[in-house]
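Participant: could you look at this predicted model? Sequence included:
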Amino acid sequence: MTEQELQSALEAIIYAADEPATLDHIVAAVGGERSEVRAGLDRLVASYAVEERGVEIRKVAGGWKMYTKAQHHEVVRKFIKGLRPPLRLTLPALETLSVIAYKQPVTLPELNEVRGVNCGGVVKTLLERRLITTAGRKEAVGRPILYRTSKDFLMRFGLADLEELPSLKEFEQLAQAALGADEGVAPAEPEEEMLVAREGVMERTSGELELVAPDAQASDAGAQAESVSDSAKIEAAGPTEAEGAEVSELTPEEKSSDAAEAQESPEREARGKAAGR
């Protein structure tokens, strides 16, 4: 790379840089020796330091960046105040503008049919921004107004004419490339509560969903049947051995002893009352 080519490359890099261009980044971009690049930067800074130049190259924050000179700040301030504000369009406005650009001249009913919504308000906004203009009336029932893109549209989007608009085939290729790439696509988060269609039965327990398999259902039904069968057997068999010991019949001797005690108990009560008196 010649000295003149190096000067031109350094000037282009510093002009295009949003942040101060560091020496390492410049060397990586242009190649060559570090000392040669640094010498070229010094010569470029000196060439911009002359009075005839309206801008200068300063070394700030470890890099180089272009600035307007202090004596021109008032003129630059007046110029910036006269500039139009940056263009900001909503997604519906961009969609409507795209339809007009590719189907122009087009009427409002045709726009409504393509987009599936009423585009009257969006068309009014595009007219106010001077991105579209009227193009006469269509020879149809009601003679609706035709719309087309304006000269400001070409200036805003940096187009020489409408022939420079990307073709629909190019848009399809871009869309396919975007859909095929997974980068930038966030994984879908699971919902708090989701029903999944599987074999089995969903049962709700304590606010959560649990999947009960058919085998588990069969085992639960068998367990219930066994418990019912066991209870029936217990009722048919009567009391257990421990219970039988408590309710077993008394022998004749024990019965006669109990009867004698029952007869003596009233006599004992009468004697106690007499003694108390």
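Facilitator: Everything's here; your move. A quick note: this is a predicted structure, and the numbers were derived from the prediction, not measured.

Participant: domain map for this structure?
Facilitator: Following automatic domain parsing, the chain resolves into domains at 3-81, 91-169.

Participant: which outside residues touch stretch 45-63?
Facilitator: Defining contact as CB atoms under 8 Å, 6 or more residues apart in numbering, one finds that stretch 45-63 is touched by 7, 14, 17, 19-23, 25, 44, 64-69, 72. Using the backbone N, CA and C atoms, a C-beta is placed for each residue, glycine as well.

Participant: strands along the chain, start to end?
Facilitator: For the chain, the strands defined by DSSP state E occupy 21-22, 55-60, 63-68, 106-107, 132-137, 145-149, 201-205, 208-212.

Participant: comparing the ones you listed, which comes out most buried?
Facilitator: strand 106-107 (a mean of 22; mean count of other CB atoms under 10 Å).

Participant: partners of that one in the sheet?
Facilitator: strand 145-149 (antiparallel) (DSSP bridges).

Participant: just the C-alpha atoms of the partner strand, please, in PDB.
Facilitator: Coordinates of each C-alpha in strand 145-149 appear next as PDB, following Å, rounded to 0.1, in the frame of the first residue of the first chain:
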ATOM      1  CA  ILE A 145     -57.800   8.300  -5.200                       C
ATOM      2  CA  LEU A 146     -54.600   6.700  -6.300                       C
ATOM      3  CA  TYR A 147     -51.500   6.800  -4.200                       C
ATOM      4  CA  ARG A 148     -47.800   6.500  -5.100                       C
ATOM      5  CA  THR A 149     -44.400   7.100  -3.400                       C
END
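
Participant: hang on, the earlier thing: to residue 179, which of the domains of the chain lies closest?
Facilitator: Proximity to residue 179 (CB to CB) singles out domain 91-169 among the domains of the chain, at 15.8 Å.

Participant: dihedrals phi and psi, residue 143?
Facilitator: For residue 143, the backbone dihedrals are phi 50, psi 70 (criterion: degrees, to the nearest 10).

Participant: find the nearest non-adjacent residue to it, please.
Facilitator: Closest residue to residue 143 apart from its sequence neighbours, by CB to CB, 6 or more residues apart in numbering: residue 137 at 4.3 Å.

Participant: for the stretch 1-150 of the chain, what spans make up the helices?
Facilitator: With helices called from DSSP state H, counting those that start in this stretch, the stretch 1-150 of the chain shows them at 3-16, 23-30, 34-48, 73-81, 91-103, 108-115, 120-128.

Participant: can I get the ones you listed in JSON lines including distance to residue 161 and mean pLDDT?
Facilitator: Output for the helices of the stretch 1-150 of the chain, formatted as JSON lines (distance: least, CB to CB, whole Å; pLDDT from 0 to 100):
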{"stretch": "helix 3-16", "distance to residue 161": "26", "mean pLDDT": "90"}
{"stretch": "helix 23-30", "distance to residue 161": "34", "mean pLDDT": "91"}
{"stretch": "helix 34-48", "distance to residue 161": "36", "mean pLDDT": "90"}
{"stretch": "helix 73-81", "distance to residue 161": "28", "mean pLDDT": "88"}
{"stretch": "helix 91-103", "distance to residue 161": "12", "mean pLDDT": "92"}
{"stretch": "helix 108-115", "distance to residue 161": "23", "mean pLDDT": "92"}
{"stretch": "helix 120-128", "distance to residue 161": "19", "mean pLDDT": "93"}
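
Participant: I'd like those helices as CSV, with mean neighbour count appended.
Facilitator: Formatted as CSV, those follow (neighbours: other CB atoms under 10 Å):
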stretch, mean neighbour count
helix 3-16, 15
helix 23-30, 15
helix 34-48, 15
helix 73-81, 10
helix 91-103, 17
helix 108-115, 16
helix 120-128, 15
